[in-house]
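[1] Sequence first, then the predicted structure, then my questions.
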Amino acid sequence: MIQCRKIGLSKGKKTILRDVDFQAAPGEITVLLGKNGSGKTSLLRCISGAYSRFQGEILLNGKNLSGLSPTERARMLAVMPQTLPQPPVTVEELTAFGRQPYTGYTGRLSQGEKEKVRRAMERSGVLPHAGDLVCNLSGGERQMAFFTMLLAQDTPAVLLDEPTANLDAEYRQRVFGFLRSMREEGKIIVTTLHSLEDAVQLGDRFWVMQEGAMVFSGTAGDFISSGLPERNFGLRPVQVSSPEEGDFTVFRPV
Amino acid sequence: MTKQKLPLIFFVLFLLLVASMLAGFLLGSARFGVEELWNGIFGENRDPSVELILFELRLPRVIGALLAGGGLAVAGLLLQSATDNDLCSPSVIGVNAGAGFAVMLLLCLFPMAYPLLPAAAFVGAMVTTMTVLGISFTGRRIFAKTTVILAGVAVAALFNAGISFFSQLYPEVLSSYASFSAGGFSGVYKEDLPVPGSMILLGILCAWILSPKLNLLCLGDELAQSLGIQVRRIRFFALVLSSVLCAAVVSFAGLLGFVGLIIPHMARRIVGQDLRVLVPFCALAGGVLVILSDLAARTLFSPAELPAGILMAAMGAPFFLYLLLRKRREAV
């Protein structure tokens, strides 16, 4: 369980987060929603440790994250930022980076660790690209490579910032598949999403941020009926029934 | 490049190193054969003049060139990794300007203390680079990789202005300063090497120990941190190491350019991006390049001798341009 209590963050005179309470449970996909600049990414960065000068406390499975060493934290929490780099390393090397928190000072992987790297690549389907440079991959393939690193890191909690941004329908479904399989493993998954359709399709619990404050928490149904989609996002939920896909929700401009 | 080829690549590089060291040892204005070398070392009737040339003049040169090349190449590699900038070289963090200014100050104000020139160069390089790093890592900024380059440029400009100022006031020191700034090994004797040599060897060892963590910096600060890396600390330590390596080299070899730029580029093309492999590769390849440059500098126009630094710049600049153009063609 991730628990954030009264998180406050300022940059200069500007308040980014104000008294944010937030929590995410294992075995659930927790979706953070909000307009650009509402503080979603900043909250993720406070949890991930990228920002350390914030008020309040963040607990992961009862342990205060500020008290953990960087390696201990890396064994508990994996991160996928919104903008992915294009490192000049192979997919296999990138996946092996995910095991870094478990290696000694030489960075050498034991046979067991190498096996975990191979299994992660097999599971995500990037094994045929193992020797390809990440910087030469397409956007979708690169995203898959970073997901593989995340799998190899094998942490109880995962933070993702807009994991479906700029992905086509096929890769988006693959990302959904990843997140659902992680949910089945009982991991804590926190993700920001821009698309409300994606959020409703994927999320178990919704948290909505507005101008640095948390303004809503509830299930998908609660969110849809709360009036927030219209007020906050200018979108109206519409229930659609299709013989192939069953009932689902789409959002149309108000 | 597959990992299976690595042992072969290192074996070839090691052979090249041995061959270049032997060539550096035996060739020059006085040439010796392997037999004379053997006699010089193990023979009963050793010729004192042969012994003097081989062991008092050439051996320190070859060892000095090996240390300087290895040290500068690893320093360049560390700098490029820590700043995530392929064009970064020791001069960017103010090594040359700082060492140059300290040497100029010594030559102008304390000419009697000329024997202290290596120490002055070392102190100048260290003080400047530490100032640059101090400026870059002060305050709340977490990500200081661009600040370090900008601070380096500003501090170097200040010291270069100082060098120009003193060279106007004391034009008589210009020739001594020029021989220092061109870089080379003609004045390197064996007593000059133990202190900077140990620093270089220790620095290369530390760089290798640091390399698994430095590898992760290519992922960007946020991801590297999420993998357990203390990004700011690792970057600072890499830059300090780089400064120590450069200052140690500058203290006995003067301002040698381009090694720190060329060798890491070449190495990445040959052995890939893994710094655990790149550090030892650069250390050996940098040594080979500088030994061969020094050999060429003293044999090409024999009996006249060029500073190795000039020759290296003459070879290095076109090679670097070639690399850039090739990269551009690949990009197109």
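    The structure has been received and is ready for your questions.
[2] Count the neighbours of whatever residue of the stretch 101-250 of chain B ends up closest to chain A for me.
    Nearest residue of the stretch 101-250 of chain B to chain A (C-beta to the nearest C-beta) works out as B:P212 at 2.5 Å. C-beta: built from backbone N, CA, C; applies to glycine. Neighbourhood size, B:P212 [other C-beta atoms under 10 Å in any protein chain shown]: 20.
[3] isn't there a strand covering it?
    No: counting by DSSP: H, G, I helix; E, B strand; the rest coil, B:P212 is not part of a strand but helix.
[4] Where does pLDDT dip in the stretch 101-250 of chain A?
    Nowhere does the stretch 101-250 of chain A drop to pLDDT under 70.
[5] From B:V279, how far out is the closest residue to A:S69 other than its chain neighbours?
    Closest residue to A:S69 apart from its sequence neighbours, by C-beta to C-beta, 6 or more residues apart in numbering or on different chains: B:G228 at 8.0 Å. Distance of B:G228 to B:V279, given as C-beta to C-beta, to the nearest Å: 21 Å.
[6] Look at the residue nearest to A:S69 and tell me its secondary structure.
    B:G228 ends up coil, using three-state DSSP.
[7] Please enumerate the helices of the stretch 1-150 of chain A.
    All helices of the stretch 1-150 of chain A, identified by DSSP state H, counting those that start in this stretch, fall at A:40-48, A:70-76, A:91-97, A:111-124, A:139-153.
[8] And the residue nearest the centre of the chain?
    Picked chain A for this. A:L160 (1.7 Å; C-alpha atoms, centre = their mean).
[9] Chain B is the one I meant
    Short answer for chain B (C-alpha atoms, centre = their mean): B:L72, at 2.1 Å.
[10] Any buried residues in the one helix or strand it maps to, and which?
    B:L72 is part of helix B:59-83 when elements are defined by DSSP states H and E. Within helix B:59-83, the residues that count as buried by 16 or more other C-beta atoms under 10 Å in any protein chain shown are B:59-83.
[11] follow-up on the earlier one: and the helices of the stretch 1-150 of chain A as JSON lines, adding mean neighbour count and distance to chain B?
    What follows is the helices of the stretch 1-150 of chain A, written out as JSON lines (neighbours: other C-beta atoms under 10 Å in any protein chain shown; distance: least, C-beta to the nearest C-beta, whole Å):
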{"stretch": "helix A:40-48", "mean neighbour count": "24", "distance to chain B": "6"}
{"stretch": "helix A:70-76", "mean neighbour count": "19", "distance to chain B": "3"}
{"stretch": "helix A:91-97", "mean neighbour count": "25", "distance to chain B": "6"}
{"stretch": "helix A:111-124", "mean neighbour count": "16", "distance to chain B": "12"}
{"stretch": "helix A:139-153", "mean neighbour count": "23", "distance to chain B": "7"}
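[12] For my notes, please list those helices in a markdown table and give distance to B:A207 for each entry.
    Shown next, in a markdown table, are the helices of the stretch 1-150 of chain A (distance: least, C-beta to C-beta, whole Å):
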| stretch | distance to B:A207 |
| --- | --- |
| helix A:40-48 | 29 |
| helix A:70-76 | 21 |
| helix A:91-97 | 19 |
| helix A:111-124 | 24 |
| helix A:139-153 | 25 |
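[13] do you know which of the ones you listed lies nearest A:E185?
    helix A:139-153 (10.1 Å; C-beta to C-beta).
[14] and that closest one, what does it pack onto?
    strand A:77-80, helix A:91-97, helix A:111-124, helix A:169-184 (3 or more C-beta pairs under 8 Å, 6 or more residues apart in numbering or on different chains; DSSP states H and E).
[15] coming back round to it: between B:G228 and B:V279, who's got more neighbours?
    For B:G228 versus B:V279, the count of surrounding residues by other C-beta under 10 Å is larger for B:V279: 26 against 21.
[16] how close does whichever residue of the stretch 51-200 of chain A sits closest to chain B get to B:G76?
    Ranking the residues of the stretch 51-200 of chain A by distance to chain B (C-beta to the nearest C-beta) places A:G107 first, at 2.5 Å. Between A:G107 and B:G76 the distance is 21 Å, computed by C-beta to C-beta.
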